[in-house]
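J.: Show me how the following folds:
(one chain, ligands or ions: 1)
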Amino acid sequence: MEQKLNKISQFDFKEGHYVAEDGVVMWCFDKRLRKNGLDFLENYLKLGFDFVSIASGGLSRLTSGDEGSIKFVLEEVGKSVKLHKSPTIILTAHNNCGDFGGVIDANFYIEKLDEGERKLKELAPGIKIRKFFIDFDAIYEVN
Ligand SMILES: [Zn+2]
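T.: Okay, here's the model as predicted:
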């Protein structure tokens, strides 16, 4: 075992269970968003959250109409709900997302967020959803 492990960093990883009281954040893996996005989430969502980082935060899959893609997103969300009691799904979309062909249009993403919300509510009635749009210079909560 010793030959297999080469320590490159040290930190405290707390053993045990936690509750993602703020919910599960669905976030695009786009590197441009990572530092500002994680800083924002850590400061804005103070109770704790799970973080699922996949292309377009899963929004393209969720709104694709493809059953397998939708199932994949639901499984990720479902695991957060099951394992960490996430009470809320936090959908996010960002401008210029490559998973939507790099479209630059806030209204396009707001419509996709609304569509994703409708799909989730259809499949999981009663689920609480919040939506964020990440523009080039700010993050907005979408009503
Ligand atoms: Zn993206």
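J.: Return the residues in contact with residue 141.
T.: Contact analysis of residue 141 by C-beta atoms under 8 Å, 6 or more residues apart in numbering lists 130, 131, 132. In short, each C-beta sits where N, CA and C put it, glycine included.
J.: buried set for the one helix or strand it maps to?
T.: In this structure, residue 141 is located in strand 139-142 according to DSSP states H and E. By neighbour count, with 16 or more other C-beta atoms under 10 Å as the criterion, the buried positions of strand 139-142 are 139, 142.
J.: all helices for this structure, in order.
T.: Residue ranges of the helices in the chain, as given by DSSP state H, are 31-44, 59-62, 67-84, 106-123.
J.: Of all those helices, which one comes closest to the ion?
T.: In terms of C-beta to the ion, the element of these nearest to the ion is helix 31-44, at 7.4 Å.
J.: Pull the distance from the closest one to the chain's centre.
T.: Counting by C-alpha atoms, centre = their mean, to the nearest Å, helix 31-44 is centred 12 Å from the centre of its parent chain.
J.: how near is residue 60 to residue 53?
T.: Using C-beta to C-beta, to the nearest Å, one obtains 14 Å as the distance from residue 60 to residue 53.
J.: Between these two, which is the more surrounded one?
T.: A direct count of neighbours by other C-beta atoms under 10 Å for residue 60 and residue 53 places residue 60 higher, at 22 against 16.
J.: Distance of that one relative to residue 130?
T.: Between residue 60 and residue 130 the distance, using C-beta to C-beta, works out to 19 Å.
J.: Sketch out the low-pLDDT regions of this structure for me.
T.: The model of the chain has pLDDT under 70 over residues 1-2.
J.: residues from it in reach of the ion?
T.: Those residues of the chain that sit near the ion, judged by C-beta under 5 Å from the ion, are 28, 30, 97.
J.: again, only using 8 Å
T.: The chain comes close to the ion at residues 28-30, 33, 55-57, 93-94, 96-100, as judged by C-beta under 8 Å from the ion.
J.: which of these count as buried?
T.: For those, a neighbour count by 16+ other C-beta under 10 Å gives the buried set as 28, 30, 33, 56, 57, 93, 94, 96, 97, 99, 100.
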